[in-house]
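**Q** need a structure here:
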Amino acid sequence: MGDKLPWFQSYPGAYWSDYAAIGLNLNIPVFNGFSVRSKVRQAQNQIDIFDATIEDTKLALDLEVRNAVAQINNSLLTLNIQNENVVLAKDVFHNVENNYKNGLASLTDLLDAETAYADAQNNYTNAQLDYKLAEIQLIKAKGELQSLTK
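**A** Model (predicted):
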């Protein structure tokens with residue numbers, strides 16, 4: 001026994017005996033209260049929740065695109081119908097105007113036809129606006145809407 005360990009040389013005053021001891025401490029948990037299994041289950045539940053959220057988001061985006069396409073189709077039909085209404089109201093107005101000049105229609109009829117023509121033009125303008133808004137909604141739903149601030 002000595003105060004220094006002689007690895008490769010002997011030191012004076014170091015006495016060695018025939019006995020040695022090595023200690024090893026091994027800690028193996030036999031029962032951990034199912035904590036690892038519950039943590040794995042919680043992590044798997046979080047993964048499942050995230051997967052469901054991703055799927056819901058995909059479905060919502062797909063629905064938004066489909067709704068935007070349907071809105072464009074409806075707006076286009078409305079736009080065509082309103083255009084036909086403008087043409088018809090214009091024809092009616094010109095006919096009533098000719099009849100008024102020839103004394104066959106009253107001033108009230110002429111004013112009513114002019115009002116109907118103006119209303120048809122307003123409706124056509126509103127239909128154009130609705131169509132453009134539907135186009136913007138489709139672009140937005142597809143994720144192609146560019147930011148104005150660059």
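
**Q** Mind naming the longest helix for the protein?
**A** Assignment by DSSP state H gives helix 35-101 as the longest helix of the chain.

**Q** by contact count, what packs against that helix?
**A** Judged by 3 or more Cβ pairs under 8 Å, 6 or more residues apart in numbering; DSSP states H and E, helix 35-101 is in contact with helix 107-142. Placement of C-beta: from N, CA and C, glycine included.

**Q** I'd like the mean pLDDT over the helix it packs on, please.
**A** Model confidence over helix 107-142, given as mean pLDDT, is 95.

**Q** re earlier: okay, angle between the longest helix of the chain and helix 107-142 too, please.
**A** With axes from the mean of the first three to the mean of the last three Cα atoms, to 10 degrees as the criterion, the two stretches helix 35-101 and helix 107-142 enclose an angle of 160 degrees.

**Q** Which residues does stretch 128-147 contact?
**A** Applying Cβ atoms under 8 Å, 6 or more residues apart in numbering, the set of residues contacting stretch 128-147 from outside is 61, 64-65, 67-69, 71-72, 74-76, 78-79.

**Q** The residue most central in space within the chain: what's it in contact with?
**A** Central residue check for the chain by Cα atoms, centre = their mean: the C-alpha nearest the mean position is that of residue 61, 5.0 Å away. For residue 61, the contacting residues are residue 141, by Cβ under 8 Å, 6+ apart.

**Q** Cool, thanks, signing off.
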